[in-house]
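J.: Sequence and computational prediction follow.
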Protein chains: 2
Amino acid sequence: MADPLEERPTPYLVVDADLLEANIADMAAVAADRGVALRPHAKTHKTPEIARLQLAAGAVGLTVATVAEAETFAAHGCPDLFVAYPLWVDPAKGRRLRVLSERALLTLAVDSVEGARALAAQVPGSRVVVEVDSGQHRSGVAPAETGALAEVAAASGLEVVGVFTFPGHSYAPGVQDEVAAQEAAALAEAAASLTAHGIAPTVVSGGSTPSVAQAHGDVLTEVRPGVYPFGDAQQWELGTTTPDRIALTCIATVVSHAGGRVVLDAGSKAIAPDRSAWATGHGRLLDHPDARLVQLSEHHAVTVWDSGPLPALGSRLRVVPNHVCNAVNLTDELVVVRGGEVVDTWRVAARGANT
Amino acid sequence: MADPLEERPTPYLVVDADLLEANIADMAAVAADRGVALRPHAKTHKTPEIARLQLAAGAVGLTVATVAEAETFAAHGCPDLFVAYPLWVDPAKGRRLRVLSERALLTLAVDSVEGARALAAQVPGSRVVVEVDSGQHRSGVAPAETGALAEVAAASGLEVVGVFTFPGHSYAPGVQDEVAAQEAAALAEAAASLTAHGIAPTVVSGGSTPSVAQAHGDVLTEVRPGVYPFGDAQQWELGTTTPDRIALTCIATVVSHAGGRVVLDAGSKAIAPDRSAWATGHGRLLDHPDARLVQLSEHHAVTVWDSGPLPALGSRLRVVPNHVCNAVNLTDELVVVRGGEVVDTWRVAARGANT
């Protein structure tokens, strides 16, 4: 490949704007096809320019993981934010949420009586959804417990508008249909539980990038995929994207041929150390799909080369991170290219906004 | 524990200054005991205040991994910097190195003829050491090849002053004696190879935090441990530190009791996703050594609790990251405490300085 910025020191992240826009348009079409609203998770990109593209393509608002991300995107003009996390709202967080709620329509999450009461004490009247565990076994109550919690939350003075789940167990090979079915079943049971407790669920929210194409539109009202604007090596290996649609790569330099190896300068401080048990390595090379990243340290990626001559020392390769959300959180800016030419640089405005 | 900053939103990193200073003093004593100079790796902390403590305790200079780290520490007054990495020096990097070499005594690394010639073309007369592979099989030439490469480097106009290795395979249980012996054998052979090619090795550099107490002072002239000022869960589980000496923790809030689990808000964007095959989990709880971090996502750490009552929702716990170098690179500042009181905040000046 031609390196768009030969003078720029590696490693750095580059975004292909044409592919990014195609991915954003495609996901808008998927959501429309499933009959659900799209509320992308902005923790993946943390970048206002990308949020604007998502909203322009029809997203109803953004999902974020932290109050600090909500503050960033509200400051950049996003009017509708869902913090999909069971925040523990102490007085300091309460003050921030009260300020935020004057700038944006804010939806918050609860998964415990104590958490709901703490929120209600700090930000009375908050609009909330109840988190449901659909099989990942992280946060979220059992579907059958949703209504009881919602009733307590409402009695505490919160406005309960629905239920949500994150089907994170969709991150495994070949499980997407099954996980989407579990997601729908859990959300349907939770929504019925709310109704049985006299609360009408207007929001029934789910979705992850791997499972969103299988989302059950007869149950869900919205989906919250995050990774799809970029794609990454996990999605590639799950088969939920193809390498020709991966919009973000890390440009890395070959620094060593020691022992016949190809050592790149994109280590865990550039592409992040994530590695699922089912991954083939610590990332992939976009233009050399048979190569494997077999060893990763902070500034070295040791690759095993399939065949043919080794890439020359000093040459630059495109590395696809395993988990793009963590890679983006390591950098302050994204270099933007179109047709191989640099057209912009975007600041990762919410980099580090993780509290 | 008392949280030193109840108002500060979690997750955040806190450093116990008394323990930090004790760790720095102890490593100075270990190096003295082994008869070697100490050149700490600053990639771990990226923080000028900590570098100053190390230099004040007798460190002969700093090790860094990138030119950007060298620029940061030179700007903060460190006069002696070793970039322990086989840089590929293109014209842009050459300009930066020429500027740097006017501010600090700079030692660079080579592990290939091409790399040495590229460096010599950009920064003639650079002081270099040859990287040797002592068993990690990352970068570095075989010990027997060291002299031939050194001769080419010298003929290219570089000042070759010695050899170095990083025995990264010391990061495994029970191997430290064996790895230190391999390190010494590889460095001794490499130094002899230099001598045989007419170049006197005045620098014979090795060392990692796990293996430094076994460093062979009859071969090595200096060691470059990085993690020791803080310690982390990897060192704890390797037995190369004890929990009462771990100086850096991530303060996290219990946000969920869903399913009887204890879910903390310190995820991979706060403590980093590193997990070695031999680790017991994604990190440790300093005050609850039997608890296990069994599932980590970007903003959730799911812990399995050994016994007794679960910590209350909203309570704050101290998480020990598996790999402190990657955790520190995620934050812009470190909160500094003494005796439980906040005494300072240090900026992680080289956070993100990874090119």
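T.: Right, received. Where do you want to start?

J.: My read is that A:Ala37 contacts A:Ala31, right?
T.: Yes. With contact defined as CB atoms under 8 Å, A:Ala37 and A:Ala31 form a contacting pair (6.7 Å). C-beta: built from backbone N, CA, C; applies to glycine.

J.: Neighbour count: these two, which is higher?
T.: When A:Ala37 and A:Ala31 are compared on other CB atoms under 10 Å in any protein chain shown, the one with more neighbours turns out to be A:Ala31, at 27 against 18.

J.: Tell me who's in contact with the more buried one.
T.: A:37-38, A:58, A:212, A:223 (CB atoms under 8 Å, 6 or more residues apart in numbering or on different chains).

J.: re the thing from before, what's the overlap in contacts for A:Ala37 and A:Ala31?
T.: By CB under 8 Å, 6+ apart, A:Ala37 and A:Ala31 have these common neighbours: A:Val223.

J.: which non-adjacent residue is nearest the residue sitting nearest the centre point of chain A?
T.: In chain A, the C-alpha closest to the average C-alpha coordinate belongs to A:Gly226, at a distance of 3.0 Å (CA atoms, centre = their mean). The spatial neighbour of A:Gly226 that comes closest, neighbours along the chain excluded (CB to CB, 6 or more residues apart in numbering or on different chains), is A:His41 at 3.2 Å.

J.: And the strands in the stretch 201-350 of chain A, which stretches?
T.: A:203-206, A:222-223, A:248-256, A:262-264, A:283-285, A:292-296, A:301-304, A:316-321, A:333-338, A:341-347 (DSSP state E, counting those that start in this stretch).

J.: how far does the fifth one sit from the chain's center?
T.: The chain centre lies 19 Å from the centre of strand A:283-285; the measure is CA atoms, centre = their mean, to the nearest Å.

J.: Give me the helices and strands touching that strand, please.
T.: Counting contacts by 3 or more CB pairs under 8 Å, 6 or more residues apart in numbering or on different chains; DSSP states H and E, strand A:283-285 packs against helix A:233-238, strand A:292-296, strand A:316-321.

J.: Send over the last one as CSV, restricted to the C-alpha atoms.
T.: Once side chains and other backbone atoms are set aside, the C-alpha atoms of strand A:316-321 remain, and they are given as CSV (Å, rounded to 0.1, in the frame of the first residue of the first chain):
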residue,chain,number,x,y,z
ARG,A,316,5.0,0.1,6.3
LEU,A,317,2.1,-2.4,6.7
ARG,A,318,-1.5,-2.0,7.7
VAL,A,319,-2.4,-3.8,11.0
VAL,A,320,-6.0,-4.5,11.9
PRO,A,321,-6.4,-4.4,15.7
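
J.: Would it count as contacting chain B?
T.: No. For a cut-off given as CB under 8 Å from any CB of the partner chain, strand A:316-321 has no contacts with chain B; the smallest distance is 9.5 Å.

J.: one step back: ok, of the contacts of A:Ala31, which one's closest to B:Gln295?
T.: A:Val212 (22.0 Å; CB to CB).

J.: That closest one against A:Pro225, yeah?
T.: Yes. A:Val212 lies in contact with A:Pro225 (CB under 8 Å); the separation is 4.7 Å.

J.: Residues in contact with both of the two, list them for me.
T.: Contact criterion CB under 8 Å, 6+ apart; residues bridging A:Val212 and A:Pro225 by contacting each: A:Met27.

J.: What residues sit buried inside the helix ranked longest in chain A?
T.: Across chain A, the longest stretch assigned as helix under DSSP state H is helix A:176-196. By 16 or more other CB atoms under 10 Å in any protein chain shown, the buried positions in helix A:176-196 come out as A:176, A:178-180, A:182-184, A:186-194.

J.: Over to stretch A:128-140?
T.: For stretch A:128-140, the buried set under the neighbour-count rule, 16+ other CB under 10 Å, comprises A:128-136, A:138-140.

J.: Who is the residue in the stretch 151-300 of chain A that chain B sits nearest to paired with across the strands?
T.: In the stretch 151-300 of chain A, the residue that lies nearest chain B is A:Ser256 (4.0 Å; CB to the nearest CB). With DSSP bridges applied, the residues forming beta bridges to A:Ser256 are A:Val263.
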